[in-house]
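**Student:** predicted structure and sequence below. I'll ask about it afterward.
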Amino acid sequence: MTPDDLRAFGADVDTGMARCMDNEAFYLKLVNSVKQEKKFDVLEESIAAGDLDAAFEAAHSLKGVLGNLSLTPLYEPVNEITELLRGRTDTDYSVLLSQIAAKREEFLAL
Amino acid sequence: MKGAQSMLKSHEKFHSENGKRLLLVADDELINREMMRVVLQDDYELVFATNGEEVLQEARKCKDVLSLILLDLIMPVMSGLEALQVLQSDSELSNIPVIVITANQNAEVESLQIGAYDFITKPYPQPDVILARIQRAIELHEDRLIISSTERDELTGLYNREYFYSYAEQFDQHHKDMAMDAIVVDINRFHFMNERFGAKYCDDVLRRVGKGLLSVVGKAGGIVCRREADTFMAYCPHGLDYEEILDKASVSFTEEESNGTRAWLRMGIYENVDKTIEIERRFDHAQMAADTVRGSFTKRIGVYDSALRDKEMYSEQLVADFDIAIKEQQFCVYYQPKFEIQSAVPTLVSAEALVRWQHPSLGLVSPGVFVPLFEENGLIQQLDVYVWGQTAAQIRAWKDRFDYVTPVSINVSRIDMYDPHLTDILLGILAQNGLSTSDLLLEITESAYTRDSKQIIDTVSNLRKLGFKVEMDDFGTGYSSLNMISELPIDALKLDMQFIRGAFATGGDTKMLEIIIDIADYLSVPTVAEGVETEEQMEALRKMGCDLVQGYYFSRPVPATEFERFLEERNKQAKATE
């Protein structure tokens, strides 16, 4: 995975890298570690089980990390779902969840 | 605020061991912590926490060196918000500043309300922004801590002097038309209290006096500080009941006194201050007023009035005119003869040189006025050297004209005794006039010995080795112990004039005089009595065994030309007995 791959994916690489003191290797290492992130699964499972508290916690954590790394295509739907979950909104989350899943697939393939 | 500015540099306490300040970064996400690490690690020492409980644990562990906490609000186990509440309520932790990190706009307001210093949003701003906000928060916080720890006097909790003055100035700015009083309160004989009851007891007394003062002055909208030792200052609206202030301050520490001892206070007031003069000077006025009732049992309150103002202005003029007076030789030396009285006919044996100031506009100024003044500000040293030079030149002139010339004693002030060049100065003056050490007698006041006796005794011993004769002046006014007197290197004891006057006053008692003369006898040194005015006094002293007498009975201090008649007489006397 290169910065250009991430740019093609839609990430704001320059901003994310600047937060890492423009250390490219360090930035890529952190971005790579997102590939092992289990919170995506926790989010999905918690919503399925109707545990919106746990779902919010997971979504909120993901939002923070994705935002800091400027993984914009993933950050945007996660941000949206976090705000819905914050109010424990009783709604159909499946559309947002599948959007997230699709972007995650794309990201894992990089 | 000058004092505070200079102290802001001393942040040692806040550094961890490697000299960097220590930050606690709390975030449950490893990636976020790692990003903070890479931003902060060059400038700060870091510890990490992943939930609220760990935050409290780490904060307690390094509370003395922890400069700041970066706190994520939403974390598992215990949230950042909960942790912040605990931090704020714990007096040991509440002074560690916290910056909250959050993506939630609403939580920002809440966290600031419960005491967070600042917040940093998520996604993180650029590193330089994070660094700047952290640095700013730490600086602000440390400045505040230092200010609050230095503006107070540790013992009493009152303002210290610097802050008192600047708050008083601030007060004036906001209350330009309010009439104000500057008040100084001292404890009479505080050093005796210290000796008798010890420092711990006296600290307690100081605390209670401060509390008592504040209870009245504070209520009236004034401020109070402890200036130093046992001196308090208050700046308050004009028209308070001064007696009440004193009563409150005195009663507060006599309540628990069962043995009946009580320290007693004196107060100096500069009423309705002139706000065009410096704040420090206003309290100088109040201090002057307080000094007028020092040690008085009947009068506790002194007021700065026109008489004191005149006195102060007079003093200021004397100091201002000093240099010109030396240059224009306005100071002149008078001589008072000393007679030996144990022989059948009193014989002239020496004289004392006494300075007079013939001021061009003020007339003859008494040394009783200008000597204490110059002793206070150090000018006395310059004056002494001038007088010594004049005296030596006069002795030289007499030596050239008369067969017989008496030695003349000069006054050596306490401050001269600390001058390492004293010996050189004296020897230089002698050499310049072709005199020897036997031509000058040195009078050193008794109180000089008691202040710092070891150094003074060394200096005196050294002078005596060179051949100077040393007389202890004003004996009976200081506090020499008998033990100390026996060790003193002196050649004569000179009894204080007040002593003589007291002994011969109506109802006076000469017993003490006799004892002192006996002491001198025991030490094998002659006694000199000053201020002898009548034949009766002279005869009594002769009977007691006093050796030398000086005073109006024989002659007042006279100009050099008049003194010559004593020299001529002495010469005639000597020839007659040949």
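**Tutor:** Here it is on my side, so go on.
**Student:** ignoring the adjacent residues along the chain, who's closest to the closest residue to chain B within chain A?
**Tutor:** Residue nearest to chain B within chain A (C-beta to the nearest C-beta): residue A:67, separated by 3.5 Å. No exception for glycine: its C-beta is placed from N, CA and C like everyone else's. The shortest distance from residue A:67 to any non-neighbouring residue, by C-beta to C-beta, 6 or more residues apart in numbering or on different chains, is to residue B:123 (3.5 Å).
**Student:** determine the longest helix present in chain B.
**Tutor:** helix B:127-150 (DSSP state H).
**Student:** so what touches the host helix or strand of residue B:369?
**Tutor:** Counting by DSSP states H and E, the element that carries residue B:369 is helix B:367-377. Contact partners of helix B:367-377, identified using C-beta atoms under 8 Å, 6 or more residues apart in numbering or on different chains, comprise B:314-315, B:318-319, B:322, B:354-357, B:379-380, B:383, B:413-415.
**Student:** out of these, which are inside helices?
**Tutor:** Using DSSP H, the contacts of helix B:367-377 in helices are B:314-315, B:318-319, B:322, B:380, B:383, B:414-415.
**Student:** which residues sit against the lengthiest helix in chain A?
**Tutor:** Secondary structure of chain A read by DSSP H shows that its longest helix is helix A:52-69. The contact list for helix A:52-69, computed with C-beta under 8 Å, 6+ apart, reads A:11, A:16, A:19, A:27, A:30-31, A:34, A:37, A:39-40, A:42-43, A:46-47, A:74-75, A:78-79, A:81-82, A:85-86, A:88, B:27-29, B:31-32, B:35, B:72, B:74, B:76, B:103, B:122-124.
**Student:** from those, which ones fall inside helices?
**Tutor:** Going by DSSP H, the helices hold A:16, A:19, A:27, A:30-31, A:39-40, A:42-43, A:46-47, A:74-75, A:78-79, A:81-82, A:85-86, B:31-32, B:35 from the contacts of helix A:52-69.
**Student:** elements contacting the strand or helix carrying residue B:168?
**Tutor:** Secondary structure from DSSP H and E places residue B:168 in helix B:161-174. Packed against helix B:161-174 by the contact rule (3 or more C-beta pairs under 8 Å, 6 or more residues apart in numbering or on different chains; DSSP states H and E) you find helix B:2-7, strand B:223-228, strand B:231-237, helix B:279-291.
**Student:** can you do 10 Å?
**Tutor:** Packed against helix B:161-174, as judged by 3 or more C-beta pairs under 10 Å, 6 or more residues apart in numbering or on different chains; DSSP states H and E, are the following elements: helix B:2-7, helix B:127-150, strand B:180-188, strand B:223-228, strand B:231-237, helix B:279-291.
**Student:** these two touch, right, residue B:430 and residue B:410?
**Tutor:** No - the pair residue B:430 / residue B:410 is not scored as a contact, 11.3 Å apart, by C-beta atoms under 10 Å.
**Student:** and the furthest pair within the contacts of helix B:367-377?
**Tutor:** Farthest apart among the contacts of helix B:367-377 by C-beta to C-beta are B:314 and B:414. That separation is 24.1 Å.
**Student:** now which of the ones in helices among the contacts of helix B:367-377 would you call buried?
**Tutor:** Taking 16 or more other C-beta atoms under 10 Å in any protein chain shown as the criterion, what is buried in those is B:315, B:318, B:322, B:380, B:383, B:414.
**Student:** which ones are touching the last one?
**Tutor:** With contacts taken as C-beta atoms under 10 Å, 6 or more residues apart in numbering or on different chains, residue B:414 has the following neighbours: B:375, B:380, B:444-445, B:447-449, B:451-452, B:456.
**Student:** so where's chain B shaky on pLDDT?
**Tutor:** B:1-19, B:104-105, B:107, B:145-149, B:251-263, B:450-453, B:477-484, B:578 (pLDDT under 70).
**Student:** residue in the stretch 251-400 of chain B nearest to chain A?
**Tutor:** Closest point on the stretch 251-400 of chain B to chain A, by C-beta to the nearest C-beta, is residue B:279, at 51.6 Å.
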